[in-house]
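Novice: can't give you the sequence, but here's the structure:
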């Protein structure tokens, strides 16, 4: 068995091991995205005011430095 | 648009110190006047906010792109917080410009290099065609 085949096998094993984790992470991110989007849609005022406040704080901190 | 619709001031045109024609206002009347002015101002403010909301279509935008609206709100807060003329903004803008210029320049440089290489190859082949004995 030459070097290329070994490398190919290692890459395949790695892919088999990583693929389900990547799939699970993608699904989790999709769920999180849906939750955040629906929260923003149901509480627009709270989210916008919070975002403005966060931006204000970041702006103040950035100005000081 | 009649802004005072439904909130008419009963003491309109009557000054507190105008005692030439009428008697000065009593404390209750003054309070009433202040209240009616505040009511008119509240109604005006409410209507302005509604008009502004309608013009910007914030709720529609929020339904379509919630993240972009929240990002814009963060940006607005950043500007209100005075961060626009800060070193952080300068650094971020500088890095973005640098990156953008580099990304825009890559295809241009690639094309130029390819052109130069092709011209060099063409010149070499032309030289070989003209002087086949000068090889080496």
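Specialist: Arrived safely, thanks for sending. The shown structure was predicted, so the numbers you read here are calculated from the model rather than taken from an experiment. Numbers count the residues shown, from 1 in each chain, chains lettered A, B, ... in the order given.
Novice: C-alpha from now on. contacts and neighbour counts both.
Specialist: Will do.
Novice: so who does residue A:48 touch?
Specialist: B:69, B:70, B:73 (CA atoms under 8 Å, 6 or more residues apart in numbering or on different chains).
Novice: Which strand or helix spans it?
Specialist: Secondary structure from DSSP states H and E places residue A:48 in helix A:44-64.
Novice: So which of the contacts of residue A:48 is the closest to chain A?
Specialist: Closest approach to chain A among those (CA to the nearest CA): residue B:73, at 5.0 Å.
Novice: Can you spell out which helices and strands pack onto the longest helix along chain A?
Specialist: As far as residue count goes, and with DSSP state H defining each element, the longest helix of chain A is helix A:3-42. Under the contact definition 3 or more CA pairs under 8 Å, 6 or more residues apart in numbering or on different chains; DSSP states H and E, helix A:3-42 sits against helix B:58-64, helix B:66-80.
Novice: With respect to burial, which of those scores highest?
Specialist: Counting by mean count of other CA atoms under 10 Å in any protein chain shown, helix B:66-80 has the highest mean neighbour count of the helices and strands packed on helix A:3-42, with a mean of 20.
Novice: outside of that helix, which residues touch it?
Specialist: Contact with helix B:66-80 is made by A:37, A:40-41, A:47-49, A:51-60, B:58, B:61-62, B:84, as judged by CA under 8 Å, 6+ apart.
Novice: Would you indicate which residues of the helix holding residue A:48 are buried?
Specialist: With burial defined by 16 or more other CA atoms under 10 Å in any protein chain shown, the residues of helix A:44-64 counted as buried are A:44, A:47-48, A:50-63.
Novice: per-stretch mean pLDDT over the helices and strands packed on helix A:3-42, give me the minimum one.
Specialist: Within those, the least confident segment by mean pLDDT turns out to be helix B:58-64, at a mean of 85.
Novice: Wondering if it reaches chain A at all.
Specialist: Yes - contact between helix B:58-64 and chain A is present through B:59, B:62, B:63 (criterion: CA under 8 Å from any CA of the partner chain).
Novice: Give me the contacts around that helix.
Specialist: With contacts defined as CA under 8 Å, 6+ apart, helix B:58-64 is touched by A:40, A:41, A:44, B:53, B:69.
Novice: quick one: least confident of those?
Specialist: When the contacts of helix B:58-64 are compared by pLDDT, residue B:53 scores lowest at 78.
Novice: Could you find the closest non-adjacent residue to that residue?
Specialist: The shortest distance from residue B:53 to any residue that is not its chain neighbour, by CA to CA, 6 or more residues apart in numbering or on different chains, is 7.9 Å, and that residue is residue B:59.
Novice: measure the residue nearest the centre of chain A to residue B:123 for me?
Specialist: Among the residues of chain A, the one closest to the centroid is residue A:29, at 6.0 Å (CA atoms, centre = their mean). With the distance defined as CA to CA, to the nearest Å, residue A:29 ends up 57 Å from residue B:123.
Novice: Kind regards, and thank you for your time.
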